[in-house]
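> A structural model of the following input is requested.
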Amino acid sequence: MKKLTKKRRAVEGKVDKNKEYTLPEAMSLVKEVNTAKFDASVDLHVRLGIDPRKADQALRGTVSLPHGTGKTKRVLVFCTPDKAEEAKAAGADHVGLEDYIQKVTEGWMDVDVVIATPNVMAQLGKVARILGPRGLMPNPKTGTVTNDIAAAVQEVKKGKIAFRVDKFGIVHASVGRVSFTPEQLTENAFELISTLVRMKPASAKGTYMKTIAVASTMSPGIAVDPKSIKI
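Got it, this is the predicted structure:
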């Protein structure tokens, strides 16, 4: 078992493992107990009372965080030449089709979000096995397959994130950086949680919002009381 550093042991003592905090309390505490020397990501982990094996409960979607993620996302747009200038003008970092399909096939993957127009999706079958496992394959459900390339790129650049439930029924998402204020982190987290509540499948039974936890890249996890969040 890995030994905790002196600094980590000190912050571990500040988190009451038997307590569920309110969302604002948790966001103030996560800043206090972060031990990273860089501007670490603050992540929300929400365990839902759903069965992801059922098609109607395999949640995935997008949410626009009011204060962004604190990270400028690198966007690749797959499109035909007639849409290339629109994509570039909107702020896309990489724009093309066959040339980028070839680059991805050869192992290049220096992007965070991939957007495509509907008319090129058939050609992306060549890289689906590469993009899919990384969560980068364009999908109409997340707004990354669209003819309105400009709007899609701008939304991503402003702080729109995609999320999906994993096989354990947990949604993991970054809701900011430790440099954010507790209020900004709280508002971003609330936006994601509100979106998940609105997406509750009709077939989901029992407690829907089971557990919520907050942690930075290098901090202990902090439990949040789901009942304290009024939506």
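> Could you point out the longest helix of this structure?
Longest helix of the chain, by residue count under DSSP state H: helix 182-198.
> who's in contact with the helix or strand I115 falls within?
In the assignment (DSSP states H and E), I115 maps to strand 113-116. If you take Cβ atoms under 8 Å, 6 or more residues apart in numbering as the criterion, strand 113-116 is touched by 73-79, 87, 92, 124, 131, 136-138, 144-146, 149, 152-153, 156, 162. Glycine gets a C-beta too; all of them are placed from N, C-alpha and C.
> one more time with 6 Å
Residues outside strand 113-116 that contact it (Cβ atoms under 6 Å, 6 or more residues apart in numbering) are 73, 75-78, 136, 138, 144-145, 152, 156.
> Can you find the helix or strand of this protein with the lowest average pLDDT?
In the chain, no helix or strand scores lower on mean pLDDT, DSSP states H and E than helix 6-12, which sits at a mean of 67.
> immediately after it, which helix or strand?
helix 23-32.
> Return the list of helices and strands in contact with that next one.
Taking 3 or more Cβ pairs under 6 Å, 6 or more residues apart in numbering; DSSP states H and E as contact, the helices and strands that helix 23-32 lies on are helix 182-198, strand 209-216, strand 222-224.
> Relative to T181, which of the contacts of strand 113-116 is nearest.
Proximity of the contacts of strand 113-116 to T181, judged by Cβ to Cβ, is greatest for K73, which lies at 21.4 Å.
> Chain neighbours aside, what residue packs nearest to the closest one?
With Cβ to Cβ, 6 or more residues apart in numbering as the measure, D112 is the residue that lies nearest to K73, at 4.2 Å, once sequence neighbours are left out.
> ok, the one you found to V104 distance?
For D112, the distance to V104 equals 14 Å [Cβ to Cβ, to the nearest Å].
> Does the spatially most central residue of the chain lie in a helix or a strand, and which?
Ranked by distance to the mean C-alpha position of the chain (Cα atoms, centre = their mean), the top residue is A173 at 3.8 Å. Assigned by DSSP H and E, A173 belongs to strand 170-177.
> What residues sit buried inside that strand?
Going by neighbour count (16 or more other Cβ atoms under 10 Å), the buried part of strand 170-177 is 171, 173-177.
> Turn those into JSON lines, including distance to K227 and pLDDT.
Rendered in JSON lines, the data for those read as follows (distance: Cβ to Cβ, whole Å; pLDDT from 0 to 100):
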{"residue": "V171", "distance to K227": "18", "pLDDT": "96"}
{"residue": "A173", "distance to K227": "21", "pLDDT": "94"}
{"residue": "S174", "distance to K227": "24", "pLDDT": "94"}
{"residue": "V175", "distance to K227": "20", "pLDDT": "95"}
{"residue": "G176", "distance to K227": "23", "pLDDT": "95"}
{"residue": "R177", "distance to K227": "28", "pLDDT": "95"}
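> quick check, nearest of these to L23?
Comparing the buried residues of strand 170-177 against L23 with Cβ to Cβ picks out V175 as the nearest, at 10.3 Å.
> and the residue nearest to that closest one when sequence neighbours are not counted, what is it in contact with?
On the basis of Cβ to Cβ, 6+ apart, the spatially nearest residue to V175 that is not a chain neighbour turns out to be N188, at 4.1 Å. Counting by Cβ under 6 Å, 6+ apart, N188 touches 65, 67, 175-176.
> my guess is the residue nearest to K73 contacts R74, does it?
Yes. Contact status for D112 versus R74: in contact at 4.9 Å, counting by Cβ atoms under 6 Å.
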